[in-house]
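Colleague: Next come a sequence and a model predicted from it.
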Amino acid sequence: MGDLARAVFLDRDGTLNLEKHYLSKPEELELFEGVPESLSLLQSAGMELFVVTNQSGIGRGYFSEEDMHRVHDRLCSILRPYGVTFRHIYFAPEVPGQPSYGRKPSPQFLWDAARDYRLDLKQSFMIGDKLCDLQCGWAAGVATSILVRTGYGAQLEQAGVEPEGPFHRVHDLPEAADWILQKA
């Protein structure tokens, strides 16, 4: 049967790239400093990489699913020279409050990835900038949910919001990658 793989699940907006109001244009995608190199290090260490993103702009009619796919194509083209590939990009197009298969904090996409790609969630990580990202990781049973201060993460900290479950707080994705690699 073989061993189960380890994975890093990544929120997109505010974690990999600058938070833009309903990002829908590929040319507006701006990765945070050090993201390509950090993802390359994680992948080189044997981690499978996945994106798990809520994209309610589709459900709100602000942009189309095709627009989102163009942004993802741009993301992948920026990362390709670093040898980085995502095994899968999961997205939830619904607005909050609508029935949804996988909108975070639902762990459904992580469970799907574990089944489809033979992953050990207990040896995997969820990284994001919002409480729903942490909650998704907790519900899925990952080793650690990691909160980055980029995106909305710093606002949560400044507001004194403390997540109710176990998590690790870091400045950004490069610091999260370093922490994961030290644990590996």
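Modeller: Sure, I can see it.
Colleague: any idea of the pLDDT on the nearest residue to Y101 once chain neighbours are set aside?
Modeller: Nearest-residue entry for Y101: Q108, 6.0 Å, with adjacent residues in sequence omitted and distances by CB to CB, 6 or more residues apart in numbering. Glycine gets a C-beta too; all of them are placed from N, C-alpha and C. Per-residue confidence (pLDDT) for Q108: 99.
Colleague: and Q108, how many neighbours does it have?
Modeller: When neighbours are defined as other CB atoms under 10 Å, Q108 has 18 of them.
Colleague: Same check on the one 3 residues further on?
Modeller: Under the neighbour criterion other CB under 10 Å, W111 is assigned a count of 16.
Colleague: That one: helix or strand, and which one exactly?
Modeller: Secondary structure here is read from DSSP states H and E; on that basis W111 sits in helix 108-117.
Colleague: Also L134?
Modeller: Assessed by DSSP H and E, L134 sits inside helix 131-140.
Colleague: quick one: that helix to chain centroid distance?
Modeller: From the chain centre to the centre of helix 131-140 is a distance of 11 Å (CA atoms, centre = their mean, to the nearest Å).
Colleague: circling back to that earlier point, mind giving me the packing neighbours of the helix holding W111?
Modeller: Counting by 3 or more CB pairs under 8 Å, 6 or more residues apart in numbering; DSSP states H and E, the packing neighbours recorded for helix 108-117 are strand 7-10, strand 48-54, strand 88-92, helix 131-140.
Colleague: Which of these sits closest to E37?
Modeller: Of all these, the one in closest proximity to E37, counting by CB to CB, is strand 48-54 (13.4 Å).
Colleague: Following that closest one in sequence, what is the next regular element?
Modeller: Heading C-terminal from strand 48-54 (DSSP H and E), you reach helix 56-59.
Colleague: Show me the longest helix that occurs in the chain.
Modeller: The longest helix of the chain (DSSP state H) is helix 65-79.
Colleague: between it and strand 48-54, how big is the angle?
Modeller: Using axes from the mean of the first three to the mean of the last three CA atoms, to 10 degrees, the direction of helix 65-79 lies 150 degrees away from that of strand 48-54.
Colleague: Can you give the contact residues for helix 65-79?
Modeller: The contact list for helix 65-79 (CB atoms under 8 Å, 6 or more residues apart in numbering) reads 12, 16-17, 23-27, 29, 31, 36, 39, 51, 55, 57-58, 85-86, 89, 91, 93.
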